[in-house]
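In: here you go, sequence then predicted model.
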Amino acid sequence: MIRRLIILPTPVLEPKHHAFLAELRRRGQPELAGLEQCFQLLSLAAAINQDCANRLAPLGLSEGRFVLLFLLHGAQAPLSPHQLAERAGVTRATVTGLLDGLERDALLERHTDPDDRRRVNVRLSAAGTALAADLFDRHTQWIGDLFADLSALERSVLSGLLGRIWARTDAGRAA
């Protein structure tokens, strides 16, 4: 089977990226290799983040709240705020604020640990469990749809290219 490469519009660059490229041209400097692709990748990531926020906002959720919902939904037992912070990769203070909002919305419950009264355990309420299950499925489908037009080979190549670029970042070199 012969596949044709279809060239589609590239991600719209943010104004700050256009300004940077214009400044390079004004200075008479050639555009650095990969600079525009980096800006395209950043613009794509920003667009995906914005789409995510737009999908969660009508439900009164942020990405952080959504992450806690699915972490709690997937847990075999109630989790402590410390465990949630660790698994979400955020500070305890951030988790406390997110938990406060989710508790106010009756999506989770906090209970004192019966074995250690200084410890608090968090679990989803029935409403939180239903929302987390539905939302996780919808969110997963939406992300899958973003990549639906890519073949398995294209996804593999993209993963490889992104991995090579990531390996050259400070975080990639530290890993």
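Out: Perfect, I can see it now. Residues are numbered from 1 along each chain as shown.
In: what's near enough to touch Arg118?
Out: Taking CB atoms under 8 Å, 6 or more residues apart in numbering as the definition of contact, Arg118 has no neighbours. In this view, the C-beta of every residue, glycine as well, is placed from N, C-alpha and C.
In: got the buried residues for the lowest-mean-pLDDT helix or strand in the chain?
Out: Across the helices and strands of the chain, the lowest-confidence element by mean pLDDT, DSSP states H and E is helix 15-26, at a mean of 87. By neighbour count with 16 or more other CB atoms under 10 Å, helix 15-26 contains the buried residues His17, Leu21.
In: can you give me the helices in the protein?
Out: Per DSSP state H, the chain carries helices over the ranges 15-26, 35-56, 63-74, 81-88, 92-104, 126-146, 152-166, 170-174.
In: any chance of CSV for the ones you listed, columns distance to Pro114?
Out: Shown next, in CSV, are the helices of the chain (distance: least, CB to CB, whole Å):
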stretch, distance to Pro114
helix 15-26, 53
helix 35-56, 34
helix 63-74, 19
helix 81-88, 17
helix 92-104, 19
helix 126-146, 21
helix 152-166, 44
helix 170-174, 40
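In: tally of neighbours for the residue nearest to Ala85 when sequence neighbours are not counted?
Out: Setting aside the residues directly before and after it, Ala85 is nearest to Val95 in space (CB to CB, 6 or more residues apart in numbering), at 4.3 Å. Val95 has 23 neighbours, counted by other CB atoms under 10 Å.
In: for the protein, give me the ranges with low pLDDT.
Out: Confidence mapping of the chain against pLDDT under 70 gives the ranges 1-10, 33.
In: please repeat the previous calculation with a cut-off of 90.
Out: Across the chain, residues meeting the criterion (pLDDT under 90) sit at 1-15, 17-18, 20-37, 40, 43, 113-118, 175.
In: who's in contact with the residue nearest to Ala85?
Out: Taking CB under 8 Å, 6+ apart as the criterion, Val95 is in contact with Leu68, Pro81, Leu84, Ala85, Ala88.
In: can you tell me which residues contact the most far-flung residue of the chain relative to its centre?
Out: Ranking residues of the chain by C-alpha distance from their mean position (CA atoms, centre = their mean) puts Gly28 at the top, at 37.5 Å. Not one residue lies near Gly28 by CB under 8 Å, 6+ apart.
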